[in-house]
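Undergrad: pasting a predicted model and its sequence here:
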Amino acid sequence: MTATYAIIESRIQKAIDVINMRENSNRAEITCEFHVSYDQLRSRLRDYQFKTAVQELHNKALKSDQKSAL
């Protein structure tokens, strides 16, 4: 039986939550535990880390020396 897209996404999100909660988590064990693809989980974790890093840099005010340089 094939799982629907929504179910797979839900499992991946739960796996990401567990990885973030556990200090030394083994991703291979978590993929088996939540029945998700290792590659999908790995890709999603990369995207998640990239998006959070970009959000931290977004819409920051310029410092006075940066303003004067412009």
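TA: Received it, and whenever you're ready, just let me know what you need.
Undergrad: low pLDDT regions in the chain?
TA: For the chain, the stretches flagged by pLDDT under 70 are 1-2, 48-59.
Undergrad: the residue of it positioned farthest from its centre and residue 62, how far apart?
TA: Ranked by distance from the centre of the chain (Cα atoms, centre = their mean), the top residue is residue 68, with 37.0 Å. For residue 68, the distance to residue 62 (Cβ to Cβ, to the nearest Å) stands at 9 Å. For glycine as for every other residue, the C-beta is placed from the backbone atoms N, C-alpha and C.
Undergrad: ditto for residue 18
TA: Applying Cβ to Cβ to residue 18 and residue 62 gives a distance of 40 Å.
Undergrad: show me which of those two is the more surrounded one.
TA: More crowded of residue 18 and residue 62, by other Cβ atoms under 10 Å: residue 18, with 14 against 10.
Undergrad: now the more buried one: closest residue in space, sequence neighbours ignored.
TA: Spatial nearest neighbour of residue 18, chain neighbours left out: residue 30 (5.8 Å); criterion: Cβ to Cβ, 6 or more residues apart in numbering.
Undergrad: can I assume the one you found is in contact with residue 16?
TA: No: contact criterion Cβ atoms under 8 Å: residue 30 and residue 16 do not qualify, at 9.0 Å.
Undergrad: give me the number of residues near residue 41?
TA: Using other Cβ under 10 Å: residue 41 sits among 20 other residues.
Undergrad: residues near the residue nearest to residue 38 when sequence neighbours are not counted, how many?
TA: If the residues on either side of it in the chain are set aside, residue 38 comes closest to residue 31, at 4.7 Å by Cβ to Cβ, 6+ apart. Neighbour count for residue 31, taken as other Cβ under 10 Å: 19.
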